[in-house]
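Here is a sequence with its predicted model. Questions after.
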Amino acid sequence: MAETEKPLLIKRYASRRLYNTETSDYVTLEDIAGFIRDGREVKIVDLKSGDDLTRQYLLQIIAEHESRGENVLPVTVLNDLVRSYMVPGGGMMPQFLQTSFDMLRDSQSKMLDNMNAMNPIAKMPGFEAMKAQQEAFVKAMTGGLSGQWSGPGEEGAAESESKDDLDAIKKQLADLQDKLSKLS
């Protein structure tokens, strides 16, 4: 996401409905989770009071995914989070988590930059397909934590290509498993 890009403003009405100010329509928590997975920052505010409700809704999104059996955070991490807030002066956890995620995004960005750097491998036939598979794999493994993988204006195409790439990776994995089972 570009540093100058403003967060998507979502307004919560008294009826608790969430309103996307860019598209002038109502959205759900799942829609908001999709915006975030696509690399978009969001800001959710109460229409009447102007209070920032972003943190509350992001925690609700995580809780809903957890309640559906999707293990968003390991139990040990959840325990550590609770412990960190129960200890006097335990406000270091948010800073630690922010720094950790920043480092993760930076390392992923550097890895992609290295793949794009002018090197002999980049000139090999099939390198672009291999690079796209690597990007899809990393995105799938991190659940989209790294933000946008494509350049400006390429979000829809990149999402479609990522799905195709992920399907290709799944097929290759199935082929490898089949070959391994024949060797046994």
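Yes, it's here.

quick one: residue 94 and residue 44, what's the gap?
Distance of residue 94 to residue 44, given as C-beta to C-beta, to the nearest Å: 18 Å. The way it works is simple: take the backbone N, C-alpha and C, and place the C-beta from them, glycine included.

I misspoke; the intended subject was residue 72.
In terms of C-beta to C-beta, residue 72 sits 19 Å off from residue 44.

Between the two, which has more neighbouring residues?
For residue 72 versus residue 44, the count of surrounding residues by other C-beta atoms under 10 Å is larger for residue 44: 22 against 14.

Pull the contacting residues for that one.
The neighbours of residue 44, taking C-beta atoms under 8 Å, 6 or more residues apart in numbering as the test, are 10-12, 18, 32, 52-54, 56-57.

Dump those to TSV, plus neighbour count, pLDDT and distance to residue 86.
Formatted as TSV, the contacts of residue 44 follow (neighbours: other C-beta atoms under 10 Å; pLDDT from 0 to 100; distance: C-beta to C-beta, whole Å):
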residue	neighbour count	pLDDT	distance to residue 86
10	22	96	31
11	17	96	34
12	19	95	30
18	20	96	31
32	22	95	29
52	11	96	25
53	17	95	24
54	16	95	24
56	12	93	20
57	17	94	24
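
Strands - which of these land there?
Using DSSP state E, 10-12, 18 are the members of those that sit in strands.

and which of those residues is nearest to residue 129?
Closest approach to residue 129 among the ones in strands among the contacts of residue 44 (C-beta to C-beta): residue 10, at 37.4 Å.

what about the helices in this structure?
For the chain, applying DSSP state H gives helices covering 29-37, 54-67, 75-86, 92-116, 127-142, 155-183.

Next, format these as TSV and append distance to residue 48.
Below are those laid out as TSV (distance: least, C-beta to C-beta, whole Å):
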stretch	distance to residue 48
helix 29-37	20
helix 54-67	15
helix 75-86	29
helix 92-116	28
helix 127-142	37
helix 155-183	33
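
Out of those helices, the one nearest residue 22 is which?
Closest approach to residue 22 among the helices of the chain (C-beta to C-beta): helix 29-37, 9.9 Å.

what sits up against the closest one?
Applying C-beta under 8 Å, 6+ apart, the set of residues contacting helix 29-37 is 8, 10, 18, 20, 42, 44, 57-58, 60-61, 64-65, 143-144.

Any stretches of this protein with poor pLDDT?
Along the chain, the parts satisfying pLDDT under 70 run over 1-4, 89-91, 115-124, 140-162, 184.

Please repeat the previous calculation with a cut-off of 80.
In the predicted model of the chain, residues 1-5, 72, 81, 83-97, 108-170, 172-184 satisfy pLDDT under 80.
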